[in-house]
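In: attaching a predicted model along with its sequence, questions to come.
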Amino acid sequence: MTAAPVPAALPLLEIEELHVAYGQVQAVRGVSLRVEEGRIVTLIGPNGAGKSSILSALAGLVPPRAGRVRLGGADVTGLPAHRAVAAGLSLVPEGRAILGRMTIEENLVLAGEKRRERSALAAAMEEQYRRFPILGERRRELAGSLSGGQQQMLAFARALLARPRILLLDEPSMGLSPILVQQIFEAVEAIHREGATILLVEQNARLALAISDYAYVLEHGKLVLEGPSGQLAEDPRVQQAYLGGAR
Ligand SMILES: Nc1ncnc2c1ncn2[C@@H]1O[C@H](COP(=O)(O)OP(=O)(O)O)[C@@H](O)[C@H]1O
Ligand SMILES: [Mg+2]
């Protein structure tokens, strides 16, 4: 009798031949990727490569032109945003999109009340205040008074309220000082250790490769390289283009 093959980890998210366009602009041109349950997978690539467009299509913010998206085997292609969230896809958008003139609490309530029963929402908010104590301490203050790093934590908390099956992070380190970038990556790792599956888009390729299991490189709307993150970090092409030359 031959030994049974070792089963591969279950693909939670599967994207097949995804195309996204804005009028005549072909932003994503046939991208296929997968994210296995419990993993951090990163998508790196230069500005304008189409990274945000992929996440936007997953989150229902732009309709895909073509292709298929499956989550846990179910077809979630082109769901509108509220149904994408209900299906388990939660996006932390580029630039965070915090409502600065509302309190931290109001930001969370607004994001959560469409999705959860009031009592469940209160419990979910407490859970996030425990995770990010600074948000709990400052819950009645305006979100705009938070530092950039704290606003990013609020954006994470808002996305996590929905208890997503997969968390889609779009450039969480953007615009932050190096020490805050470090803190943000630590927060991502902590969320992951609690069992979250994460698709991480980043321009900080070095840190993204360091915390992820698998990586894809996107250029001009197409994948040009993929592999285990440790392996890609050693790849001369990646070092040249994304890690500032040889180490
Ligand atoms: N709302 C939009 N309308 C028109 N073109 C867009 C829009 N959003 C993005 N694009 C274009 O699509 C391409 C990919 O952009 P984007 O997905 O934001 O890339 P990345 O996130 O990798 O920087 C770029 O050429 C960009 O100019
Ligand atoms: Mg982007």
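Out: Thanks, I have the structure now. Numbers count the residues shown, from 1 in each chain. Ligands and ions are numbered 1, 2, ... in the order given.

In: can you tell me the SS state at whatever residue of the chain ends up closest to ligand 2?
Out: Proximity of the chain to ligand 2 (C-beta to the ion) peaks at residue 52, 3.1 Å away. C-beta coordinates here come from the backbone N, C-alpha and C atoms, glycine included. Secondary structure, DSSP: H, G, I helix; E, B strand; the rest coil: residue 52 is helix.

In: where does the prediction get shaky in the chain?
Out: Residues of the chain that meet the criterion pLDDT under 70 lie in 1-9, 114-116, 245-247.

In: what does it put close to ligand 2?
Out: Within reach of ligand 2 by C-beta under 5 Å from the ion, the chain has these residues: 51, 52, 94.

In: what's the neighbour count on the closest residue in space to residue 111 that isn't next to it in sequence?
Out: The shortest distance from residue 111 to any non-neighbouring residue, by C-beta to C-beta, 6 or more residues apart in numbering, is to residue 158 (4.4 Å). The number of residues packed near residue 158 is 25, by other C-beta atoms under 10 Å.

In: what sits against residue 158?
Out: 92, 107, 108, 111, 112 (C-beta atoms under 8 Å, 6 or more residues apart in numbering).

In: the helix or strand residue 91 falls within: partners in the sheet, and parallel or antiparallel?
Out: Using DSSP states H and E, residue 91 falls within strand 89-92. Strand 89-92 pairs in its sheet with strand 166-170 (parallel), by DSSP bridges.

In: what does the partner strand contact?
Out: Strand 166-170 is contacted from outside by 12-13, 35, 51-52, 55, 58-59, 71, 88-94, 156, 159-160, 188, 191, 196-202, using C-beta under 8 Å, 6+ apart.

In: mind checking the longest helix of the chain?
Out: In the chain, assigned by DSSP state H, the helix with the most residues is helix 178-193.

In: direction included, what does whatever helix or strand residue 218 lives in pair up with?
Out: Element membership for residue 218, per DSSP H and E: strand 214-219. Sheet pairing of strand 214-219 (DSSP bridges) gives strand 40-44 (parallel), strand 222-228 (antiparallel).

In: buried sites along that strand?
Out: For strand 214-219, the neighbour count (16 or more other C-beta atoms under 10 Å) marks 214, 215, 216, 217, 218 as buried.

In: kindly report the same for stretch 155-175.
Out: 155-162, 164-174.

In: stretch 102-113 too?
Out: Buried-residue list, stretch 102-113, by 16+ other C-beta under 10 Å: 103, 104, 105, 107, 108, 109, 111, 112.

In: contacts with ligand 1 among these, please.
Out: Among the buried residues of stretch 102-113, no residue is within reach of ligand 1 (C-beta under 6 Å from any ligand atom).

In: now, those that are in helices?
Out: Per DSSP H, these map to helices at 104, 105, 107, 108, 109, 111, 112.

In: can you count the residues close to the nearest residue to the fourth one once chain neighbours are set aside?
Out: Right, residue 108. Excluding its sequence neighbours, the residue lying closest to residue 108 (C-beta to C-beta, 6+ apart) is residue 125, at 5.2 Å. By other C-beta under 10 Å, 23 other residues sit near residue 125.

In: any residues of the protein in contact with ligand 1? List them.
Out: Counting by C-beta under 6 Å from any ligand atom, the chain sits next to ligand 1 at 22, 25, 27, 45, 47, 48, 49, 50, 51, 52, 53.

In: what's the closest of the ones in helices among the buried residues of stretch 102-113 to ligand 1?
Out: Of all those, ligand 1 sits closest to residue 111, with 22.3 Å by C-beta to the nearest ligand atom.

In: quick one, what contacts the closest one?
Out: The neighbourhood of residue 111, defined by C-beta under 8 Å, 6+ apart, consists of 158, 159, 161, 162.
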